[in-house]
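Trainee: here is a sequence with its predicted model. Questions after.
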Amino acid sequence: MNVVVVGSGIAGLTAALHAHEGGHTVTVVTKGGLGGGCTPLAQGGVAGGYGPGDGPAAHAADTISAGAGLCDPTAVDALVADGAARIAELLARGVAFDRAPGGALARGREAAHTHARILHAGGDATGAAISAALCAAVQRTPISVRERTMLLDLTVEAGRIRGITVLRDGGAVEIRADAVILATGGAGQLYAHTTNPTETTGDGIAAALRAGAAIADLEFVQFHPTTLPGLPVFLLSEAVRGEGAVLRDSDGRRFVFDSHPDGELAPRDVVARAIAGQAARQGTPVHLDATGLGADALARRFPTIDRVTRDRGFDWSREPLPVTPAAHYLMGGVVTDRHGRTTIPGLYAVGETARTGVHGANRLASNSLLEGAVFGARAAAALAQPWPAAVDVIPSPSPKSPEEESAAPEPLPPFDRAALQRLLWDEVGLHRTGTGLQSALRIIRGWASATPSASDVRTHEDRNLLLVAEATIRAAVARPVSVGAHHRDDFALAAPTPARPPILETA
Ligand code: SIN
């Protein structure tokens, strides 16, 4: 089978390697260079290194609890059941996870985990180590890699995927395929402040939307609680809090306990809102205080953070760092079953592009690299299986709903990428209201209809961002409750947990 994998993070490269090892002819298409995207920036690690008293069942329970009751338990079971095999595979492919003095794998702790089970490499350079190992593995195979090649659209003929069109050297080119695996990451560039690199513009999700694939849970955008403000913001791993750093307000008080009994190790959505709220109330930034950990320990355990914060003029062994939340991870995406299969035969989605149901309304820390490896491999394995005859499709919102009839404001503010990112940050961020969402929706629609047709990478990205922004806002409007990362100020107290939409069940 000819298989095209779009994207070259952990999910895409795992899928590509497994598809090649399964006897398929594989092409990897990637917008930047091989191994770009979010994976090499991941700091904290890979959940699933179980110590005494821990195991897949406890990991699954923590995942479901962090997900605010909206995870699909069967997807979570798949994640924790396959995790050990994928971690063993990463070790075999050369990822040097850090080890404790006795030689066992070192295990870190992160928020909302009941046990220390996070494997890490190079201290806080886990993603870079994984990316380097997977890129090297791909380069040892005949897998064809097309860099600087942007996905434009999916080719669907007679209801089945037949390939993709890409932008390469300024022109549109078609690549035919029997199967396409989308692994283009999320859409962090929707927001003015994000830990995601500039290429993270929702290209796969937008192409899937245009092709009519089912998409769900886009309203669940995770904001990482602790980033160092600046351009760009810089991630301060949750593992720093896992090692004992604390959050202090301008009075030096550990204020997160006001919001949750677990304080700094509460679920990410809780900590992010607590930080934003306290900073707004006091009019000064909240600080991450790691001074108790000691200069040597900080430099050894977090060498990347140590270097970057010092480059930016801070000595975090002596002074607390100012922190602010930033958009980090998209829990929703292209709806898949437990084998990465979407609602379009032949089309798979893995990693952050996919909505597998693993994350519910709020992803548990360090589950994303694991999800990429587990579901990348599962999708590749599914290539050999016949496509199931019937799937349950999540219904699309009615085109006649009142929000569809809303008119663009007069005058429309001028469009540019920064204006879009500010709008989403203000109205579709940590706190949302129905009025703000409706206003943002009208502006996005006005921009989308007024924007000239796309011609180069930047304008194609803008087209994708506008489409994903509209779908995100519609999803946020359609869920008038507060749950997990989706916080509606106008429904904060009423909030019954909504019934979970049906997950595709195709196995
Ligand atoms: C972090 O290191 O805090 C990020 C880990 C993650 O997003 O899972």
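Mentor: Structure's in. What do you need? Numbers count the residues shown, from 1 in each chain.
Trainee: residues from the stretch 101-250 of the chain in reach of the ligand?
Mentor: Selection of the stretch 101-250 of the chain residues close to the ligand by CB under 6 Å from any ligand atom yields 237-239. C-betas here are computed from N, CA, C, even on glycine.
Trainee: which of those are buried?
Mentor: By neighbour count, with 16 or more other CB atoms under 10 Å, these hold 237-239 as buried.
Trainee: select from the residues you listed every entry located in helices.
Mentor: Within these, residues falling in helices by DSSP state H are 238-239.
Trainee: got a list of what Thr291 touches?
Mentor: Contact analysis of Thr291 by CB atoms under 8 Å, 6 or more residues apart in numbering lists 316-320.
Trainee: would you turn the buried ones among the residues of the stretch 101-250 of the chain next to the ligand into CSV with pLDDT and distance to Ile444?
Mentor: Formatted as CSV, these follow (pLDDT from 0 to 100; distance: CB to CB, whole Å):
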residue, pLDDT, distance to Ile444
Ser237, 95, 33
Glu238, 94, 31
Ala239, 94, 36
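Trainee: any idea which helix or strand comes after the strand or helix carrying Pro322?
Mentor: In this structure, Pro322 is located in strand 321-330 according to DSSP states H and E. Heading C-terminal from strand 321-330, the first helix or strand you meet, by DSSP H and E, is strand 333-335.
Trainee: could you name the helices and strands sitting against that following strand?
Mentor: Judged by 3 or more CB pairs under 8 Å, 6 or more residues apart in numbering; DSSP states H and E, strand 333-335 is in contact with helix 203-211, strand 215-216, strand 354-355.
Trainee: so which of the ones you listed comes closest to Thr194?
Mentor: helix 203-211 (15.4 Å; CB to CB).
Trainee: packing partners of that closest one?
Mentor: Looks like helix 203-211 contacts strand 150-157, strand 179-182, strand 215-216, strand 333-335, strand 347-349, helix 457-477 (3+ CB pairs under 8 Å, 6+ apart).
Trainee: so which of those is the most packed in?
Mentor: strand 179-182 (a mean of 31; mean count of other CB atoms under 10 Å).
Trainee: check which helices and strands that one sits against.
Mentor: Strand 179-182 packs on strand 2-6, helix 10-21, strand 160-168, helix 203-211, strand 347-349, helix 368-382, going by 3+ CB pairs under 8 Å, 6+ apart.
Trainee: residues contacting His59?
Mentor: Residues in contact with His59 (CB under 8 Å, 6+ apart) are 47-48, 50, 80, 83, 113, 115, 117.
Trainee: contacting residues around the closest residue to the ligand within the stretch 51-200 of the chain?
Mentor: Distances between the stretch 51-200 of the chain and the ligand by CB to the nearest ligand atom are smallest at Glu110, namely 6.5 Å. By CB under 8 Å, 6+ apart, the contact set of Glu110 is 44-45, 47, 118, 238-239, 241-242, 265, 365-366.
Trainee: quick one: low-confidence parts of the stretch 401-507 of the chain?
Mentor: 401-406, 492-507 (pLDDT under 70).
Trainee: change it to 90
Mentor: 401-411, 451-452, 491-507 (pLDDT under 90).
Trainee: which residue does it bring closest to the ligand?
Mentor: For the stretch 401-507 of the chain, CB to the nearest ligand atom, closest residue to the ligand: Ala485, 12.6 Å.
Trainee: gap between that residue and Val233?
Mentor: For Ala485, the distance to Val233 equals 18 Å [CB to CB, to the nearest Å].
Trainee: and the angle for the strand holding Pro322 with helix 457-477?
Mentor: Taking axes from the mean of the first three to the mean of the last three CA atoms, to 10 degrees, one finds strand 321-330 and helix 457-477 inclined to each other by 90 degrees.
Trainee: secondary structure element for the nearest residue to Ala408 once chain neighbours are set aside, which one?
Mentor: Closest residue to Ala408 apart from its sequence neighbours, by CB to CB, 6 or more residues apart in numbering: Gly446 at 2.8 Å. Assigned by DSSP H and E, Gly446 belongs to helix 434-450.
Trainee: and that helix, what does it pack onto?
Mentor: Against helix 434-450 (3+ CB pairs under 8 Å, 6+ apart) you get helix 417-427, helix 457-477.
Trainee: looking at stretch 141-156 now, give me its mean pLDDT.
Mentor: In this model, stretch 141-156 carries a mean pLDDT of 98.
Trainee: one step back: the residue nearest to Ala408 and Ile161, how far apart?
Mentor: 33 Å.
Trainee: the more surrounded of these two?
Mentor: Ile161 (23 against 19; other CB atoms under 10 Å).
Trainee: where does the stretch 351-500 of the chain come near the ligand, residue by residue?
Mentor: 365-366, 368.
Trainee: list the contacts for Ala251?
Mentor: Residue 251: Asp, not Ala. Gln282.
Trainee: tally of neighbours for the nearest residue in space to Leu236 that is not next to it in sequence?
Mentor: Spatial nearest neighbour of Leu236, excluding adjacent residues (CB to CB, 6+ apart): Thr226 at 4.3 Å. Thr226: 27 surrounding residues under other CB under 10 Å.
Trainee: list the residues that contact Thr226.
Mentor: Taking CB under 8 Å, 6+ apart, one finds 235-238, 240-241, 247, 271, 275, 288, 323, 325 in contact with Thr226.
Trainee: assess the claim that Pro229 and Pro322 are in contact.
Mentor: Yes - Pro229 is in contact with Pro322 according to CB atoms under 8 Å; the separation is 6.1 Å.
Trainee: need the overlap of contacts for the two.
Mentor: Pro285.
Trainee: let me see the ranges of the strands in the stretch 51-200 of the chain.
Mentor: 118-119, 144-146, 150-157, 160-168, 171-176, 179-182 (DSSP state E, counting those that start in this stretch).
Trainee: before we move on, the earlier item: quick one: the residue nearest to Ala408 and Ala419 touch, right?
Mentor: No - Gly446 lies out of contact with Ala419 (CB under 8 Å); the separation is 11.7 Å.
Trainee: shaky segments in the chain?
Mentor: Short version for the chain, where the test is pLDDT under 90: 231, 389-411, 451-452, 491-507.
Trainee: residue of it closest to the ligand, please.
Mentor: Gly44 (2.6 Å).
Trainee: how about the backbone phi and psi for that residue?
Mentor: When read as degrees, to the nearest 10, the backbone of Gly44 gives phi -50, psi -60.
Trainee: what does Gly22 give?
Mentor: phi -90, psi 0.
Trainee: thought it was touching Ala379?
Mentor: No - using CB under 8 Å, Gly22 is not in contact with Ala379; the gap is 10.8 Å.
Trainee: ok, these two, which is more surrounded?
Mentor: Neighbour totals were compared for Gly22 and Ala379, and Ala379 leads with 33 against 16 (other CB under 10 Å).
Trainee: the more buried one: what's it in contact with?
Mentor: Here Ala379 is in contact with 15, 181, 336, 339-341, 348-350 (criterion: CB under 8 Å, 6+ apart).
Trainee: and which of the residues you listed is nearest to Ala75?
Mentor: The nearest one, if we look at these relative to Ala75 and count by CB to CB, is Thr336, at 8.8 Å.
Trainee: my guess is that closest one contacts Gly351, does it?
Mentor: No - Thr336 is beyond contact range of Gly351, at 10.5 Å (criterion: CB under 8 Å).
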